[in-house]
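*Asks:* my questions concern the predicted model and sequence given below.
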Amino acid sequence: MKYLFVCIENAGRSQMAEGFGKKYGLDCESAGTFPGDRINNTAVEAMKEKGVDISCNTPRIMTEEMVRKADLVIIMGCSVEEACPRPIAVEMKKKVVDWGIEDPKGKPLEKVREIRDIIENKVKELKQ
């Protein structure tokens, strides 16, 4: 099973999900509809606490090829309708799940840790 984790900037939530996915042996990648310039530093710090290094990752744009290869497209949460990847994935007849997770951008480390832990638990559930 191949997973594609998607958020808008591919700088926080989807990068954390990909990091945990790889840690737990999932075939996965992440992308964004409007990728940021770099990974969220607070997300990097929170992930390092869990032994996952995403500091060298680069935000990537979601492509049709990524969606085509995925068995499941997981949207991390989308509050910006124009940037939401759901229509593209649905149009390509892909199974889509929206985890509805809060964006860690601009949040303090304590909040990012909470978001990280939610993501880790959801990724672990995919293994079952």
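*Replies:* Arrived safely.
*Asks:* low-confidence stretches in this protein?
*Replies:* 79-92 (pLDDT under 70).
*Asks:* ok, which stretches of it are strands?
*Replies:* With strands called from DSSP state E, the chain shows them at 2-7, 27-32, 72-75, 95-98.
*Asks:* okay if I get those strands as JSON lines plus mean neighbour count and distance to Ile115?
*Replies:* Where you see a C-beta, it was placed from the backbone N, CA and C, and this is true even at glycine. Output for the strands of the chain, formatted as JSON lines (neighbours: other CB atoms under 10 Å; distance: least, CB to CB, whole Å):
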{"stretch": "strand 2-7", "mean neighbour count": "26", "distance to Ile115": "11"}
{"stretch": "strand 27-32", "mean neighbour count": "22", "distance to Ile115": "15"}
{"stretch": "strand 72-75", "mean neighbour count": "23", "distance to Ile115": "15"}
{"stretch": "strand 95-98", "mean neighbour count": "15", "distance to Ile115": "15"}
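*Asks:* export those to TSV and append columns for distance to Cys56.
*Replies:* Formatted as TSV, the strands of the chain follow (distance: least, CB to CB, whole Å):
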stretch	distance to Cys56
strand 2-7	17
strand 27-32	14
strand 72-75	22
strand 95-98	28
